[in-house]
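Asker: sequence first, then the predicted structure:
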Amino acid sequence: MNFTAKILFIILLFASTISFAQNNSERRCGSNEYLKRCISKDSSIAIKIKNIEENIQKQINNNIYNQKSTESAVYTIPVVVHVVYNNDAQNISDEQILTQIDVINEDYNRANTDKANTPTLFSSVAASFGIKFCLAQIDPSGNATTGITRTYTTVTEWQLDDSVKSSKTRGADSWPSNKYLNIWVCNLFGDLGYSTFPGGNSTVDGVVIRYNAFGRTGNVAYPYNKGRTLTHELGHWLNLIHIWGDDASGSCQGTDFVDDTPAQSGPNYGCPAFPHSSCGNTSDMYTNFMDYTNDECMNIFTNGQKQRALFVLKNLRSSLTTSNKCTVGIDNIENTSSQFKILPNPLTGDILTVQLNGSNPGNINVMVLNSLGQIQLIKNYQNYAEKKISLNINDLSQGLFLIKISTDKTAYTGKFIKL
Ligand SMILES: [Zn+2]
């Protein structure tokens with residue numbers, strides 16, 4: 001198919017109703033059905049999507065993005081998770097949410113441990129996108145936040161209609177989508193999740209995920225218990241298309257506009273054995289995050305998919321990557337105190353020294369948190385009489401950390417960078 005034909009095909013595709021025989025155990029993603037409904041309400045969205053696709057293809061054809069996509073920049077995206085619950089099971093724990101943030105940070109950076117399961121045929125095109133997702137630390141009013149909101153609702157089931165995204169319809173209002181990636185977790189009916197594509201209405205921009213397909217601990221249900229539903233839906237949010245191209249099953253005519261994913265005849269479910277071929281390929285890339293396989297079967301994005309996603313981040317969602325809603329709280333903390341000094345900073349070794357000034361501090365509590373606010377280290381010292389504390393932070397990865405020190409008389413919060 002030539003380029004114009006491809007564009008027309010995809011628009012027709014989104015505007016039509018295409019479904020596959022499914023049963024309840026098969027993955028269901030509502031993003032295409034959702035987009036079709038958006039276009040039926042506002043036909044200008046189809047034109048915007050067509051223009052976006054043309055621009056992506058032009059830039060990729062002009063090789064603005066390296067074909068191997070070796071760019072190593074890191075794009076930081078602040079995230080707010082809106083938990084909208086009707087009962088305790090739906091009111092998932094902070095821990096469950098944090099595991100989901102871990103999953104997307106792994107999957108979008110080829111840091112997932114199950115990448116070893118990618119068939120050798122495909123491992124040479126595997127990509128690390130260089131995207132860091134972080135729970136917001138500053139809310140839209142400028143106050144400190146955990147990046148998680150919780151809203152009780154009388155609604156027992158939600159549909160593909162944006163109603164969970166507004167308090168007027170008993171959901172939770174979005175935070176400005178030019179500063180935050182909004183994720184709603186609720187009891188979504190039928191589908192595991194749905195996402196907006198770039199080019200839609202900014203007030204409803206974001207991703208909705210069913211509560212028991214979110215994260216990889218707590219209230220999650222096999223086979224969607226590894227957090228891959230959000231990885232998949234965020235792919236749509238970054239303008240990735242289902243790997244089989246969303247054509248009617250068996251036609252082999254659809255395209256995901258990505259050259260390094262083989263043509264395949266339809267979605268794969270469960271977890272096929274390698275090779276699993278269709279459309280004359282050696283094997284479908286059924287381990288791609290944009291297929292419909294089980295969470296435990298998915299483990300790869302490709303360089304071609306990375307090119308599309310980076311176009312979106314650089315052109316359509318660039319304000320998110322500079323909004324600083326994750327780190328501004330830490331950045332504003334000054335490392336000045338008459339009582340404490342942190343040495344060295346930045347830290348290149350494993351020993352962080354807290355120098356204690358003034359009189360005998362007595363009882364001391366030291367806490368180290370990462371940029372997500374997660375506690376990494378806690379130490380307590382009783383009747384401490386020395387002038388310094390040496391902390392072994394060998395277990396910490398590289399990055400920015402908060403250190404909170406409190407005594408019976410005073411408290412101090414500082415920050416340090418481990419290189
Ligand atoms: Zn999907």
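Answerer: Received the coordinates, thanks.

Asker: beta partners of the residue in the chain that the ion sits nearest to?
Answerer: Among the residues of the chain, Cys29 lies closest to the ion, at 3.0 Å counting by CB to the ion. Heads up, the C-betas are built off the backbone N, CA and C, glycines and all. The residues paired with Cys29 through beta bridges, assigned by DSSP bridges, are Gly193.

Asker: grab the most central residue of the protein for me.
Answerer: Compute the mean C-alpha point of the chain, and by CA atoms, centre = their mean the closest residue is Ile104, 4.4 Å away.

Asker: circling back to that earlier point, the residue of the chain closest to the ion touches Leu192, doesn't it?
Answerer: Yes. When contacts are counted by CB atoms under 8 Å, Cys29 is listed as touching Leu192 (6.5 Å).

Asker: neighbour-wise, which of those two wins?
Answerer: For the pair Cys29 and Leu192, the greater number of neighbours falls to Leu192 (24 against 21), based on other CB atoms under 10 Å.

Asker: ok, the more buried one - contacts?
Answerer: With contact set as CB atoms under 8 Å, 6 or more residues apart in numbering, Leu192 has these partners: Arg27, Arg28, Cys29, Ile209, Arg210, Ala213, Tyr224, Thr229.

Asker: ok so, going back, intersection of neighbour lists for Cys29 and Leu192?
Answerer: Overlap between the contact sets of Cys29 and Leu192, as judged by CB under 8 Å, 6+ apart, is given by Thr229.

Asker: can you pull the buried residues of stretch 287-301?
Answerer: Along stretch 287-301, these residues count as buried under the neighbour rule (16 or more other CB atoms under 10 Å): 287-295, 297-301.

Asker: spell out which residues make up each domain of this structure.
Answerer: Recorded structural domains for the chain (assignment: automatic domain parsing) are 3-321, 333-418.

Asker: return the most buried member of the ones you listed.
Answerer: Ranked by mean neighbour count, these are led by domain 3-321 with a mean of 19 (mean count of other CB atoms under 10 Å).

Asker: just how off-centre is that one within its chain?
Answerer: Its chain's C-alpha centre lies 9 Å from the corresponding centre of domain 3-321 when counted by CA atoms, centre = their mean, to the nearest Å.

Asker: between the domains of the chain, which gets the lowest average pLDDT?
Answerer: Ranked on mean pLDDT, the bottom entry among the domains of the chain is domain 333-418, at a mean of 78.

Asker: what ranges do the helices span in the stretch 201-350 of the chain?
Answerer: For the stretch 201-350 of the chain, helices defined by DSSP state H, counting those that start in this stretch occupy the ranges 228-237, 303-311, 318-321, 328-331.

Asker: mind putting those into JSON lines with distance to Gly200?
Answerer: Converted to JSON lines, the helices of the stretch 201-350 of the chain look like this (distance: least, CB to CB, whole Å):
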{"stretch": "helix 228-237", "distance to Gly200": "10"}
{"stretch": "helix 303-311", "distance to Gly200": "16"}
{"stretch": "helix 318-321", "distance to Gly200": "15"}
{"stretch": "helix 328-331", "distance to Gly200": "28"}
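
Asker: those: which one's closest to Val74?
Answerer: Ranking these by proximity to Val74 (CB to CB) places helix 318-321 first, at 9.2 Å.

Asker: what comes into contact with the closest one?
Answerer: The contact list for helix 318-321 (CB under 8 Å, 6+ apart) reads Tyr75, Thr76, Ile77, Pro78, Asn178, Lys179, Tyr180, Leu181, Leu313.

Asker: go again with 10 Å.
Answerer: Taking CB atoms under 10 Å, 6 or more residues apart in numbering as the criterion, the residues outside helix 318-321 that touch it are 73-79, 131-132, 176-181, 205, 312-314.

Asker: what does the chain have sitting close to the ion?
Answerer: Listed as neighbours of the ion in the chain under the rule CB under 5 Å from the ion: Cys29, Ser31.

Asker: let's see that with 6 Å instead.
Answerer: For the chain, the residues in contact with the ion under the definition CB under 6 Å from the ion are Cys29, Ser31, His232, His236, His242.

Asker: who's in contact with the last one?
Answerer: Residues touching His242, when contacts are defined by CB under 10 Å, 6+ apart, comprise 29, 31-32, 232, 235-236, 254, 256, 264, 266-267, 288, 290-292.
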